[in-house]
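Trainee: this one's sequence-less:
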RNA sequence: GCGGCCAUAGUGUAUCGGUUCGCAUUGAGGCCUGUGGAGCCUUAGGGCUGGGUUCAACUCCCAGUGGCCGCC
């Protein structure tokens, strides 16, 4: 279900195809985040028009509202939200352990308050697999325990070992349910997640463990959560050296345009992040010359589009001056135009990356992109 | 024309007879990376004009100017 077509000769970048029950996804690719089956301010059909081939949503939150049984009754998640392309389902552990509703975590699972009903709930690896069966997602993510960014070594070790035990249980339960024909999507894939904090040894150990469980793909979790860039890259590189190169490798939670380009060079095939949509909502828009902050007054009379070389609807139709105004005067409308641009920018970048890997000039593209994109970001040093 | 009220940052407001006039917004920087919160941090910018009372006035008094309301 995963085939590699091209391998860059200079970097570790590779291009391929991930086959899912809802069509092929060309790799490397970026998934917009649609946690509750809705990307903030962009419709599923628009995501497709912007170049999206896969999205990620959250299995647990959809179980909490409207209920995975209801979604199953309505024909599954694809039909429910009218998105007939690949859908990944994250487990739910991620946000539960950072929010106030979190009650506790043990080897059994995670306990917390249902965000909608406030009832106590217990989420287990088995439960997450069952939800995925009901949703009919294309890729189910195993339940993992992501330790807090500034956790102690003991905490990170415990979370990593727990993640391993849960990975085994997810693997077993997924096989069992599938063999019973319980899934709405009998071609559903299961990805495991490696943890390990910022320790190279633990990252390696975790990658080796997850790699041994015969998942359909492997994710690198727990990064982009407050550690330094160096720590993030080092952790990812350590695990990429161990994770089976014949399977897709997914760096969770990344990211920024520059991180995407760099991590593709390390050999990542798959990404997801709220970065483009969250930044759009804060008025930060990506351009080939680096990000601009549209909330600034200097754009009040700027009649250029966000990015002069961008062919997206927003750039074709509206000036920075107008978008600056709408962002101030009618922000919910602006969120739509701006999020569309940022998603288009990222999807277009990924598309260029794929082409460059296939045609053998990825490293040049990388250098040119980072040179232009990051030079604008260099702060002017004052005495 | 007469009477009343008001005058503090670009804007809207708060406080006080005594070392750095508070807040919001706006401006300028920065942060944001598997989204229950469209958020967080830093920084810039102010007492209408002229007199008086007082050891000391942004604060109290008078006049001017400008604005709002009412009356003729």
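Mentor: Yes, it's here. Here the structure is a predicted model, which means the values were calculated and not measured.
Trainee: Now do the same contact list for residue A:271.
Mentor: A:28, A:29, A:30, A:31, A:250, A:251, A:254, A:255, A:260, A:263 (C-beta atoms under 8 Å, 6 or more residues apart in numbering). No exception for glycine: its C-beta is placed from N, CA and C like everyone else's.
Trainee: Quickly name whichever of these is closest to RNA strand B.
Mentor: For the contacts of residue A:271, the minimum distance to RNA strand B (C-beta to the nearest atom of the strand) is 1.9 Å, reached by residue A:255.
Trainee: Sketch out the low-pLDDT regions of chain A for me.
Mentor: A:96-99, A:149, A:375-383 (pLDDT under 70).
Trainee: So it: which segments form each domain?
Mentor: A:2-273, A:283-375 (automatic domain parsing).
Trainee: Name the stretch among the ones you listed that sits most buried.
Mentor: domain A:2-273 (a mean of 20; mean count of other C-beta atoms under 10 Å).
Trainee: filter the contacts of residue A:271 by proximity to RNA strand B?
Mentor: A:254, A:255 (C-beta under 7 Å from any atom of the strand).
Trainee: Now do stretch A:252-266: distance to the chain's middle.
Mentor: 11 Å (C-alpha atoms, centre = their mean, to the nearest Å).
Trainee: Give me the residues contacting that stretch.
Mentor: Identification of contacts with stretch A:252-266 by C-beta under 8 Å, 6+ apart yields A:8, A:11-13, A:28, A:30, A:193, A:219-225, A:232-233, A:236-237, A:240, A:251, A:268, A:271-273, A:275, A:286, A:345-346, A:349-350, A:353, A:357, A:362-363, A:365-366, A:369-370, A:373-374.
Trainee: Kindly report the same for stretch A:320-335.
Mentor: Contacts for stretch A:320-335 (C-beta under 8 Å, 6+ apart): A:40-41, A:280-281, A:283, A:292, A:294-296, A:299-306, A:314, A:337-338.
Trainee: re earlier: turn the contacts of residue A:271 into JSON lines, including distance to residue A:326.
Mentor: JSON lines is the format used below for these (distance: C-beta to C-beta, whole Å):
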{"residue": "A:28", "distance to residue A:326": "33"}
{"residue": "A:29", "distance to residue A:326": "30"}
{"residue": "A:30", "distance to residue A:326": "26"}
{"residue": "A:31", "distance to residue A:326": "27"}
{"residue": "A:250", "distance to residue A:326": "35"}
{"residue": "A:251", "distance to residue A:326": "34"}
{"residue": "A:254", "distance to residue A:326": "29"}
{"residue": "A:255", "distance to residue A:326": "27"}
{"residue": "A:260", "distance to residue A:326": "28"}
{"residue": "A:263", "distance to residue A:326": "33"}
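Trainee: out of the contacts of residue A:271, who's nearest residue A:135?
Mentor: residue A:31 (15.5 Å; C-beta to C-beta).
Trainee: which secondary structure elements does the strand or helix carrying the closest one contact?
Mentor: Using DSSP states H and E, residue A:31 sits within strand A:29-32. Applying 3 or more C-beta pairs under 8 Å, 6 or more residues apart in numbering; DSSP states H and E, we find strand A:29-32 packed against strand A:54-58, strand A:270-273, helix A:331-359.
Trainee: got the contact list for residue A:295?
Mentor: Counted by C-beta under 8 Å, 6+ apart, residue A:295 has contacts A:282, A:283, A:324, A:327, A:328.
Trainee: go again using 7 Å as the cut-off
Mentor: Neighbouring residues of residue A:295 by C-beta atoms under 7 Å, 6 or more residues apart in numbering: A:283, A:327.
Trainee: Which residues does stretch A:196-203 contact?
Mentor: Contact with stretch A:196-203 is made by A:147, A:156-157, A:160, A:205-206, A:222, A:227, A:231, A:234-235, A:238-239, as judged by C-beta under 7 Å, 6+ apart.
Trainee: Up against RNA strand B, what does the stretch 1-150 of chain A have?
Mentor: So the stretch 1-150 of chain A meets RNA strand B at A:33, A:35, A:39-41, A:56, A:58, A:61, A:90-91, A:93-95, A:98-101, A:113, A:115-116, A:118, A:141, A:144, A:146 (C-beta under 7 Å from any atom of the strand).
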